[in-house]
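**Student:** got a predicted model here, sequence first, then my questions.
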Amino acid sequence: MDNHGKAMVLAAFAADALALGAHWIYDTELISKRFGRIEAFLKPGADSYHSTKEKGMFTHYGDQTQVLLESLAEKRGFDLSDFSTRWRTFFEDYNGYVDQATRGTLSRYAAGSTHEDPGSLSDDLSGASRIAPLVYAYRNDLDTLVGCAKAQTRMTHSDPLTIDSAEFFARVAWLALHGTSPAEAMNLVEQEHFSNSPMSGWVKNGLASTARDSVQSIAAFGQTCHTPEAFPGAVHLIARYENDLKEALIQSVMAGGDNAARGMVVGMVLGAYLGPSALPRPWLDDLQEKDRILGLLAGL
């Protein structure tokens, strides 16, 4: 299970790196015309939100996930206060894009909020997409994992359904890491924990779409960052490609919009289930922080 756990974390980071070059481009025809089928990491163009980044680096989502991993390794577990301090320090001189959720959270800190209640009003799925390191750290303790996943999300995103989404995907990834197929895991978690939540409909709609084209399905659900749109698209990709991590992440990127947050969730779940053999070697070779990530995981 340890190797599957490492693959889970690497797959989440690789998903973010794969999305970097075409992140937040909503015109899928433009993506195809400019880049072709994106199967490898790309350097962002001058017109990108991430023009300061290089091939194999991360968006601001992946960067924050690495901050979380660094905190986990240093503290030998989740310490919200430590993560909060590292997160704020990281953004003091960040040479990358700072999104609305981050700006909102930083402004709340500046106004006197503590690490327990600073979260912006954002409902972006990105708040729930950082959790792969937590699933690794608590791969033998589901209850603690759920609490930590929700707490780290709440720190930057106070939207209740986004916080609940962190719990949903943490439980799904945990089940996948323990051998349950992703589609079955999503069904189980929905039925046992979220049957009375709007998320139930998102899960069912995502699962019902798996026979349809992924780019078209995600366009129908919505390509944006917002959890009500991004969540069913992630479910679609996880279920449709539950034995093909590479294709799932390529399709996520080609579907446009916030393909980074969507892809990180998909990569986490499928990496947990499929293990190291599912990760393309060129992606691992080009992932600039791979050795650092593996070293931090060893520290856990």
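**Tutor:** All right, it came through fine.

**Student:** measure residue 213 to residue 243 for me?
**Tutor:** For residue 213, the distance to residue 243 equals 18 Å [C-beta to C-beta, to the nearest Å]. To be clear about C-beta, it is placed using only N, CA and C from the backbone, and glycine gets the same treatment.

**Student:** ok, residues contacting stretch 201-211?
**Tutor:** 168, 183, 186-187, 190, 194, 217, 220-221, 228, 231-236, 238-240 (C-beta atoms under 8 Å, 6 or more residues apart in numbering).

**Student:** for ChimeraX, what selects the buried ones among the residues you listed?
**Tutor:** This is how ChimeraX selects the buried members of those, with burial counted by 16 or more other C-beta atoms under 10 Å:
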select :168,183,186,187,190,194,217,220,221,228,231,232,233,234,235,236,238,239,240
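
**Student:** and the helices in the stretch 1-150 of the chain, which stretches?
**Tutor:** 2-19, 28-35, 60-75, 80-90, 100-110, 132-137, 142-154 (DSSP state H, counting those that start in this stretch).

**Student:** most tightly surrounded among those?
**Tutor:** Most buried of the helices of the stretch 1-150 of the chain by mean neighbour count (mean count of other C-beta atoms under 10 Å) is helix 132-137; its value is a mean of 28.

**Student:** quick one on the thing from earlier: so which of the helices of the stretch 1-150 of the chain comes closest to residue 271?
**Tutor:** Closest approach to residue 271 among the helices of the stretch 1-150 of the chain is made by helix 2-19 (2.8 Å; C-beta to C-beta).

**Student:** next, the angle from that closest one to helix 60-75.
**Tutor:** 150 degrees (axes from the mean of the first three to the mean of the last three C-alpha atoms, to 10 degrees).

**Student:** may I have helix 2-19 as PDB, with CA atoms only?
**Tutor:** The C-alpha trace of helix 2-19 is given here as PDB (Å, rounded to 0.1, in the frame of the first residue of the first chain):
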ATOM      1  CA  ASP A   2       2.900   2.400   0.600                       C
ATOM      2  CA  ASN A   3       3.900   2.300  -3.100                       C
ATOM      3  CA  HIS A   4       0.300   3.000  -4.100                       C
ATOM      4  CA  GLY A   5       0.300   5.900  -1.600                       C
ATOM      5  CA  LYS A   6       3.400   7.400  -3.100                       C
ATOM      6  CA  ALA A   7       1.900   7.000  -6.600                       C
ATOM      7  CA  MET A   8      -1.300   8.700  -5.300                       C
ATOM      8  CA  VAL A   9       0.600  11.800  -4.200                       C
ATOM      9  CA  LEU A  10       2.800  11.900  -7.300                       C
ATOM     10  CA  ALA A  11      -0.200  11.500  -9.600                       C
ATOM     11  CA  ALA A  12      -1.900  14.500  -8.000                       C
ATOM     12  CA  PHE A  13       1.200  16.600  -8.500                       C
ATOM     13  CA  ALA A  14       1.600  15.300 -12.000                       C
ATOM     14  CA  ALA A  15      -2.000  16.200 -12.900                       C
ATOM     15  CA  ASP A  16      -1.300  19.800 -11.800                       C
ATOM     16  CA  ALA A  17       1.900  20.000 -13.800                       C
ATOM     17  CA  LEU A  18       0.200  18.500 -16.900                       C
ATOM     18  CA  ALA A  19      -2.500  21.200 -16.700                       C
END
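
**Student:** quick one: the closest residue to residue 157 other than its chain neighbours from residue 165, how far?
**Tutor:** Leaving aside its sequence neighbours, residue 157 sits nearest to residue 127 (C-beta to C-beta, 6 or more residues apart in numbering; 3.1 Å). According to C-beta to C-beta, residue 127 stands 8 Å off from residue 165.

**Student:** that's all I had, so thanks and see you.
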